[in-house]
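Visitor: Return atomic coordinates for the entry below.
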Amino acid sequence: MEIEINKSVGSLFRTALRGLASGVVIISSRNAEGRFAMSATSITSLSMDPPSLLVCVNKQASIYQSLQPGNDFAISILSKQDQMLAEMCGGKAQGEARFASSRWLDDSGLPILSGAQATIRCKIEERLSYGTHGVFIGSVKSCEVSDTIDPLVYLDGRYVGIDSMSTCSEV
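Guide: Numbering: from 1, shown residues only. Modelled structure (predicted):
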């Protein structure tokens, strides 16, 4: 599907989204051609029953072709000390160089990032195509969660941490 968009609306839309703080994850997968990993902010929970999530991936991303219905993938939710990994998987490194960190484990063929704030293993149930991206529905197969919550966040074109866990009513 090809979508035409008014350039000024597209530019304003991009500017508007720079103000939306998003948690940073690494999506990882494997197929016969190798291992793949990419940094992303475009994931969200879909349903708690059954546990599932949505992941959006640009069709030009190297990981895209490995994400086929029936295949597994993992989401590693990053903490702020993982910024270098986010940068590596966000374009500073390509291919196997994204796996240079010793923190990558092999879980039955699926690359898993050890020490992530949380790891969610999923099976791709459906892939939809929209504009420049694929939208993937993943059913959650398992989760591992750290006791520490210290997320890496992407805001206004840069990585940031959350310095305070106070709620709005506390400030």
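
Visitor: What average pLDDT does stretch 37-47 get?
Guide: For stretch 37-47, the mean per-residue pLDDT is 96.

Visitor: Now do it: distance from first to last residue.
Guide: Length of stretch 37-47, first residue to last, CA to CA, to the nearest Å: 24 Å.

Visitor: Check which residues of that stretch are buried.
Guide: For stretch 37-47, a neighbour-count test (16 or more other CB atoms under 10 Å) marks Ala37, Met38, Ser39, Ala40, Thr41, Ile43, Leu46 as buried. Glycine gets a C-beta too; all of them are placed from N, C-alpha and C.

Visitor: Excluding covalently adjacent residues, which one is nearest to the second one?
Guide: Read that as Met38. Distances taken as CB to CB, 6 or more residues apart in numbering put Ile63 closest to Met38, at 4.9 Å, once the chain neighbours are dropped.

Visitor: Give me the secondary structure label for Phe36.
Guide: Following DSSP: H, G, I helix; E, B strand; the rest coil, we place Phe36 in the strand state.

Visitor: sorry, back to before: which residues sit in contact with the residue nearest to Met38?
Guide: Applying CB atoms under 8 Å, 6 or more residues apart in numbering, we find Ile63 in contact with Ile27, Ser28, Ser29, Phe36, Ala37, Met38, Val57.

Visitor: shouldn't the fourth one be in contact with Asn71?
Guide: What it means is Phe36. No. Phe36 sits out of contact with Asn71 when judged by CB atoms under 8 Å, with a separation of 10.8 Å.

Visitor: follow-up on the earlier one: take the buried residues of stretch 37-47 and keep only those in helices.
Guide: With DSSP state H as the criterion, helices contain none of those.

Visitor: TSV for those residues, including distance to Leu155?
Guide: Putting the buried residues of stretch 37-47 into TSV (distance: CB to CB, whole Å) gives the following:
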residue	distance to Leu155
Ala37	22
Met38	19
Ser39	14
Ala40	15
Thr41	10
Ile43	16
Leu46	24
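
Visitor: now, which of the residues you listed lie within strands?
Guide: Here DSSP state E is the test, and the buried residues of stretch 37-47 give Ala37, Met38, Ser39, Ala40, Ile43, Leu46 as lying in strands.

Visitor: Residue ranges in the protein under the pLDDT threshold?
Guide: 1-7, 164-171 (pLDDT under 70).

Visitor: one more time with 90, if that's ok
Guide: The chain contains residues with pLDDT under 90 at 1-21, 88-89, 91-103, 106-109, 148-149, 161-171.

Visitor: what about the helices in it?
Guide: 7-17, 83-87.

Visitor: which one of those has the most crowded surroundings?
Guide: helix 83-87 (a mean of 18; mean count of other CB atoms under 10 Å).

Visitor: Alright, I will stop here.
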